[in-house]
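Visitor: structure, please.
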Amino acid sequence: MSEDQKPPHIRLAVENDQRELNRRTAEIDLRWPLKTLAANFIRIVRGAGSPAELGRQCAEVVQAYRNYHAALGEWPSSYLISETLSLRHRENHATSDRAWEWEEAMRQMVAGGLQVAASQLLKQNTQQRAGESEMFDGLRVIEKQRSENAAARMQKPKPKPRKPGKRRPKPDDSTDRGS
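Guide: Got it, this is the predicted structure:
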């Protein structure tokens, strides 16, 4: 077969330059240590967590930052850190407007609670009050939905109790045997 008669050769061209591959790898390597450190801090603040792990976790985050810088010649962006840690960037799984409203109210209460905790650590009364306000705004939505749910349950007609039917005598086993 001549070159003109051969079927065309299909090639897959992937254009991932090395810098972009290095960036993705460095981001992946940074995200997990950063999340575990942040989660442990939050748990310690609320009275749980592993205080003994903080030093090791901090060292892992510092090493991940250094590795990122070594691979790319720059430090991780504020956007990357915020995207990794912010609860506001999480996917919403609600399947209805009401469920979406509930999820948003829960997020609002969590965000307000975190603000309160951070403000208490630093004795920032104004910021603490702002966090409390955010928490209670979310709580109002939750309470409203719970009240509506309770009212809806009260509106549904209760099933009528069934009247007992006439009892039928059981067939006598001795008559069935043909005795």
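Visitor: when you work out contacts or count neighbours from here on, use the C-alpha atoms and nothing else.
Guide: Noted.
Visitor: got the CA coordinates for stretch 113-121 in CSV?
Guide: Only the C-alpha atoms of stretch 113-121 are listed here, as CSV (Å, rounded to 0.1, in the frame of the first residue of the first chain):
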residue,chain,number,x,y,z
GLY,A,113,-20.2,30.7,64.5
LEU,A,114,-16.7,30.7,63.1
GLN,A,115,-16.7,34.5,63.2
VAL,A,116,-17.8,34.4,66.8
ALA,A,117,-15.0,32.0,67.8
ALA,A,118,-12.3,33.9,66.0
SER,A,119,-13.5,37.2,67.5
GLN,A,120,-13.6,35.7,71.0
LEU,A,121,-10.0,34.5,70.6
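Visitor: centre of the chain versus that stretch, how much separation?
Guide: Mean-position distance between stretch 113-121 and its chain equals 20 Å (Cα atoms, centre = their mean, to the nearest Å).
Visitor: now that stretch: buried residues?
Guide: 113-119 (16 or more other Cα atoms under 10 Å).
Visitor: narrow the residues you listed to those in helices?
Guide: 113-119 (DSSP state H).
Visitor: and which of those is nearest to residue 18?
Guide: residue 114 (39.2 Å; Cα to Cα).
Visitor: contacting residues for that closest one?
Guide: residue 131 (Cα atoms under 8 Å, 6 or more residues apart in numbering).
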